[in-house]
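Student: kindly generate the corresponding structure for this input.
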Amino acid sequence: MIWNNYSGLLFDDSQSNFPTRLFGYQTFDQNQPTIVHIDNAGACFGYVYAGQLSIQDNMVNWQVRREQWFHIPTGCQLILQPFTSVVICQRLGYQGIHIMGGPIEHAGRLRYIDGCTDTLLCCPPLAGDPCLNLLHFPPHINQTPHTHPSMRAGIIARGNGICCTGNDTIKLHEGMIFMIPPGALHNFKTNDQSMDVIAYHPESDWGPTHEEHPMINRTWVSGQKIIN
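Tutor: Numbers count the residues shown, from 1 in each chain. Next comes the predicted model:
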């Protein structure tokens with residue numbers, strides 16, 4: 001599923017094993033900001049494609065600009081300046097943390113399939129938690145068709161490409177919001193231009209555990225890691 005124009009709730013996956021709501025907002029009014037409220041149903045993962053906005057909850061008041069991302073523990077109020085575009089994935093029932101970053105880099109730090117790279121922008125605090133990623137496709141990529149065990153959602157942050165499914169070929173361009181259902185066979189292609197994608201995952205099979213994390217792993221007693 002794709003959206004070129006968006007204003008509000010785009011997709012509600014609240015009945016799944018990893019319930020998520022997908023929001024997108026665009027503002028064009030030159031005269032005044034637009035105020036948006038997202039309720040306290042779960043953590044919000046967001047990315048600002050264009051413009052700038054303020055994020056407010058009972059603890060922070062952040063200014064977030066183009067090519068920056070954020071993670072808020074529950075709901076929040078957004079104050080969008082004119083000509084701003086933002087995507088938000090809300091993981092229902094999940095308590096997140098306050099964190100923001102960016103601007104995003106021009107390639108990923110980790111190898112991914114078929115010559116692509118990715119960076120884990122917002123890591124899972126615990127194994128199994130949701131995460132936010134930057135996925136980079138160099139020019140002339142033709143990915144191997146593949147699936148994911150849970151939905152994927154996000155936005156085309158830079159460049160353009162093609163998404164191929166079993167039934168369709170979809171042209172992708174900057175600012176387009178997307179959602180891929182769990183188990184859907186697909187692959188991405190690029191031509192002469194690279195493409196960068198912000199991808200939200202509602203779950204993971206990786207992350208720190210109480211038994212394995214950097215603090216405990218590097219805490220030694222008599223020269224040996226302690227058993228936590």
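
Student: quickly list the domain ranges of the protein.
Tutor: 2-101, 110-201 (automatic domain parsing).

Student: just put those domains in TSV and tack on mean pLDDT and distance to Ser222.
Tutor: Any C-beta I mention is one placed from the backbone N, CA and C, and that applies to glycine too. Listed next are the domains of the chain as TSV, based on pLDDT from 0 to 100; distance: least, Cβ to Cβ, whole Å:
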stretch	mean pLDDT	distance to Ser222
domain 2-101	95	34
domain 110-201	96	28
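
Student: in TSV: these, plus mean neighbour count and distance to Gly207.
Tutor: Shown next, in TSV, are the domains of the chain (neighbours: other Cβ atoms under 10 Å; distance: least, Cβ to Cβ, whole Å):
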stretch	mean neighbour count	distance to Gly207
domain 2-101	18	13
domain 110-201	17	4
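
Student: now do the closest residue to Ile156 other than its chain neighbours against Met215, distance only.
Tutor: Of all residues beyond its chain neighbours, the one nearest Ile156 is Met176 (4.7 Å), with distances taken as Cβ to Cβ, 6 or more residues apart in numbering. According to Cβ to Cβ, to the nearest Å, Met176 and Met215 sit 40 Å apart.

Student: and for Pro145?
Tutor: Counting by Cβ to Cβ, the gap from Pro145 to Met215 is 40 Å.

Student: show me the helices in this structure, by range?
Tutor: 214-217 (DSSP state H).

Student: next, name the residue at the spatial heart of the protein.
Tutor: In the chain, the C-alpha nearest the mean C-alpha coordinate belongs to Tyr200, at 3.3 Å (Cα atoms, centre = their mean).
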